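>>> Pasting a predicted model and its sequence here:
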Amino acid sequence: PHHVWQAVGLNTFGVVPDLNALNRKLFSSNGGKRLQAPKPPALASPSKTLISAHHPLSIIGDSYRTIRTALLFSQAEKPPQVVLLTSPSPGEGKTVSTLNLAIALAQEGRRVLVIDADLRKGCCHTRLGMRNHNGLSNVLTGHLPLEQGIQATSIEGLSLISRGVTPPNPSDLLGSNKMREVLRRVRETFDFVLIDSPPAIAVADAAIVSILCDGVILVFHGKKTTTAAARQALERLDAIRAPVIGVILNSINLDDPDYAYYRSYYGSDYGTAAQEMHRAAGKTIDIEPRGKPAAPGVVPSAFFDDLIAKLGEAVGPMAPLIVRDQIAFLGETRETFPREKLSALLDRVCKEILDEKLRRVFERKIQENVQSL
């Protein structure tokens, strides 16, 4: 982030670790022993590159929740409603960042729309496991009503307008009055609209759409983006006074000394997740007495062990962190969690399961535990 500030004078909303590097192994804090990360459940959609839908390490979800928080507090009166994400060059992770941020916002109960404005090579529909028969280009040329171009995804609260048929004049369509009308109408329906655009240096599309937005986020790749490319992208946007609000620093390597802070920050979570997951699976000795009864009106500790184990079947080793974070969000602790808040907790936990089929299975299993309390 300090290199980003020195290069372009922009704040970094969040740092996203390299997926491939994280997928190799998971370390516990118990004597440095190596633990093999269990395979995540097989999902038909969305793509494995998207937040907690497939990736087994909660650090990815935490990264995008941090970016979500930065976005929500990026402006004084209210957060930007229509946000464009772009990068200097192809292959820097802007599409994955757009969709992951959209999912993180939807998980908070927001109504979110992703618009694939890369009319040449957009792949949002592919990442979400959807089709691209009718999309933005069809709407902008008047061949499709806007309502029919908006597709519901398998993720609750998230909708998509795919790129549609590739037109001969993408820039003209994106700069048309019809595009302005589309954005005006979707503002009335959705809490947030995230626009995935082509790279800022390659074509003018990103600059054209940016002036219609409340904010622009630049996505920089930790291993690919050069200072010259970052500055050139920002200069193109500054030339038209686009509202650039920050940067997502993508695909950084936590083994790099420059990111020692992030490695140490997330390192404790590695150990916590591993220990709690294995304890829930009965692979380590639980030093807390199981037979100790819970206080009246308090959820027993054994219930949370079962909750983490069942949630782990749907989301992998990030289950302990999800439960921990949602308990904290409700202002409680596991040891004194009141029964009257259990319904609210389970509602929030269920929203973290992106696959509908797995969510239904989890709800059925955990309801049996609730009834036995």
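In hand now; what should we look at?
>>> drop to CA atoms for contacts and neighbour counts, all remaining ones
Will do.
>>> Strands of this protein, residue ranges please.
For the chain, the strands defined by DSSP state E occupy 12-17, 26-27, 34-35, 82-86, 112-116, 151-152, 158-161, 192-196, 215-221, 244-252.
>>> between these, which gets the lowest average pLDDT?
Mean pLDDT values for those show the minimum at strand 34-35, a mean of 33.
>>> Would you mind giving the strands of the chain as CSV with mean neighbour count added?
Putting those into CSV (neighbours: other Cα atoms under 10 Å) gives the following:
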stretch, mean neighbour count
strand 12-17, 23
strand 26-27, 20
strand 34-35, 12
strand 82-86, 27
strand 112-116, 26
strand 151-152, 16
strand 158-161, 24
strand 192-196, 26
strand 215-221, 25
strand 244-252, 22
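>>> In space, not sequence, find me the middle residue of the protein.
Computing the C-alpha centroid of the chain and ranking residues by Cα atoms, centre = their mean puts Asn100 first, at 2.9 Å.
>>> I'd assumed Thr66 was in contact with it.
No: applying Cα atoms under 8 Å, one finds Asn100 not in contact with Thr66, separated by 11.6 Å.
>>> mind checking how far Lys178 is from Leu140?
Distance of Lys178 to Leu140, computed by Cα to Cα, to the nearest Å: 6 Å.
>>> just Glu335 next, same as before
Using Cα to Cα, we find Glu335 at a distance of 55 Å from Leu140.
>>> Just want to know which of the two has more residues nearby.
Leu140 (23 against 13; other Cα atoms under 10 Å).
>>> list the contacts for that one?
Counting by Cα atoms under 8 Å, 6 or more residues apart in numbering, Leu140 touches Leu173, Leu174, Lys178, Met179.
>>> if you skip the residues just before and after it, what's nearest to the last one?
This points to Met179. Excluding the flanking residues, the one nearest Met179 by Cα to Cα, 6 or more residues apart in numbering is Leu140, at 6.4 Å.
>>> again with the first one
With Cα to Cα, 6+ apart as the criterion, Leu173 has its nearest non-adjacent residue at 6.3 Å, and that residue is Leu140.
>>> Any regions of the protein where pLDDT drops low?
Flagging of the chain using pLDDT under 70 yields the residue ranges 20-58, 257-295, 316-318.
>>> Now with 80, please.
By pLDDT under 80, the low-scoring segments of the chain are 19-61, 76, 253-296, 312, 315-322, 325, 354-355, 373.
>>> where's the closest residue to Val186 other than its chain neighbours relative to Cys123, distance?
Closest residue to Val186 apart from its sequence neighbours, by Cα to Cα, 6+ apart: Val193 at 7.6 Å. Using Cα to Cα, we find Val193 at a distance of 17 Å from Cys123.
>>> now do Ala207
Here the criterion is Cα to Cα. By it, Ala207 lies 20 Å from Cys123.
>>> Out of those two, name the residue with the larger neighbour count.
More crowded of Ala207 and Cys123, by other Cα under 10 Å: Ala207, with 28 against 20.
>>> and the closest residue in space to the more buried one that isn't next to it in sequence, how many neighbours?
Here the nearest residue to Ala207 in space, its sequence neighbours aside, is Leu237; by Cα to Cα, 6+ apart that works out to 5.8 Å. Neighbourhood size, Leu237 [other Cα under 10 Å]: 22.
>>> Tell me who's in contact with Leu237.
Ala200, Ala207, Ser210, Val244.
>>> how near is the first one to Leu85?
Put plainly, it is Ala200. Distance from Ala200 to Leu85, by Cα to Cα: 10 Å.
>>> from the middle of its chain, how far away would stretch 356-366 be?
21 Å (Cα atoms, centre = their mean, to the nearest Å).
>>> which of the residues in it are buried?
Within stretch 356-366, the residues that count as buried by 16 or more other Cα atoms under 10 Å are Glu356, Leu358, Arg359, Phe362, Glu363, Ile366.
>>> what about dumping the CA coordinates of it to PDB?
The C-alpha trace of stretch 356-366 is given here as PDB (Å, rounded to 0.1, in the frame of the first residue of the first chain):
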ATOM      1  CA  GLU A 356     -28.400 -22.800  -2.400                       C
ATOM      2  CA  LYS A 357     -28.400 -26.600  -2.200                       C
ATOM      3  CA  LEU A 358     -25.700 -26.700   0.500                       C
ATOM      4  CA  ARG A 359     -27.500 -23.900   2.400                       C
ATOM      5  CA  ARG A 360     -30.700 -25.900   2.500                       C
ATOM      6  CA  VAL A 361     -28.900 -29.000   3.700                       C
ATOM      7  CA  PHE A 362     -27.200 -27.000   6.400                       C
ATOM      8  CA  GLU A 363     -30.500 -25.400   7.500                       C
ATOM      9  CA  ARG A 364     -32.100 -28.800   7.800                       C
ATOM     10  CA  LYS A 365     -29.300 -30.200   9.900                       C
ATOM     11  CA  ILE A 366     -28.900 -27.300  12.200                       C
END
